[in-house]
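> Structure for the following, please:
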Amino acid sequence: MAFPWSVAADVDTAPRKVQLYGWDSPTRSWHGPDELPFVPGGTRRILGALKRAPGRSWYGAIRFLGHGEPDGRFFAVVHDLDDCAVAMIYCDDSKAGPAAVIAVVPSARRSRLRPEFPFEFLAFTSFLRSTSEEAAQELHERMTAALAESAHGDSLVFSITTGLWVSDQDYILSRCAEMVAMALLEWTGD
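Predicted coordinates:
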């Protein structure tokens, strides 16, 4: 099922899809594609902060208030690059490193995506010690396959969780990562 998508007037107005792919470092498991619902304006607070940022980067707090679930307090560092956007999500006041690293490839930017994107993203996550050397080759192959196999009109989200968040509350981190990804897609104009 495709979800409505906010697009510019000069872009094909067919419904767009957001495909999520992910790697869980502690269990060394890959998932995806999982279709994410996109609701324009669904992440107003984060999107507003991104739009007010004085450049193409932003750092700020994100609070997830679940209904009947524990609250989550996160911080994100976000960068809007020419062909994608990346975010690092830190839990609480962690100084140990990010709990998740996300790359968002908007459909409108797929044509200018660097061929080196999987390698560069994984080099970045490796630098942050979010992925191991042993996982890098498998992740590279999976990301390259995802880029090749997905429809060109789909936006892609690649998420790597690092294990620095309490495992019995992974769903809170996952929800935060999805909110950040949706805000990044809207911020980048897709």
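
> for the protein, what are the low-confidence residue spans?
1-16, 39, 41-42, 65-70, 93-95, 164, 166-169, 190 (pLDDT under 70).

> One more pass at 50, please.
For the chain, the stretches flagged by pLDDT under 50 are 1-14.

> so is the one residue sitting closest to the centre of it in a helix, a strand, or just coil?
Centroid check for the chain by Cα atoms, centre = their mean gives residue 102 as the closest residue, at 3.5 Å. Under DSSP: H, G, I helix; E, B strand; the rest coil, the three-state class of residue 102 is strand.

> How about it: what's its closest non-neighbour residue?
Spatial nearest neighbour of residue 102, chain neighbours left out: residue 87 (4.6 Å); criterion: Cβ to Cβ, 6 or more residues apart in numbering. Where C-beta positions appear, they are placed from N, C-alpha and C, glycine not excepted.

> ditto for residue 19
Counting by Cβ to Cβ, 6+ apart, residue 19 lies nearest to residue 33, which is 4.0 Å off, once chain neighbours are set aside.

> pretty sure the residue nearest to the centre of the chain contacts residue 161?
No - between residue 102 and residue 161 there is no contact under Cβ atoms under 8 Å: 9.7 Å.

> Just the buried residues of whatever helix or strand the residue nearest to residue 102 lives in, please?
Using DSSP states H and E, residue 87 maps to strand 85-91. For strand 85-91, burial by neighbour count (16 or more other Cβ atoms under 10 Å) applies to 85-91.

> neighbouring contacts of it?
Residues from elsewhere that reach strand 85-91 (Cβ atoms under 8 Å, 6 or more residues apart in numbering): 62, 72-79, 97-104, 106, 121, 124, 128, 164-165, 173, 176-177, 180-181, 184, 187-188.

> Quick one: the helices in the chain, in order.
Applying DSSP state H to the chain gives helices spanning 44-52, 117-127, 133-149, 170-187.

> and the longest one, what other elements does it pack with?
Pointing back at helix 170-187 there. strand 18-24, strand 29-36, helix 44-52, strand 57-64, strand 72-80, strand 85-91, strand 100-105, strand 155-161 (3 or more Cβ pairs under 8 Å, 6 or more residues apart in numbering; DSSP states H and E).

> Can you point out the buried residues in the shortest one?
Meaning strand 100-105. By neighbour count on 16+ other Cβ under 10 Å, the buried set for strand 100-105 is 100-105.

> Can you tell me which of the helices of the chain is most buried?
Most buried of the helices of the chain by mean neighbour count (mean count of other Cβ atoms under 10 Å) is helix 170-187; its value is a mean of 22.
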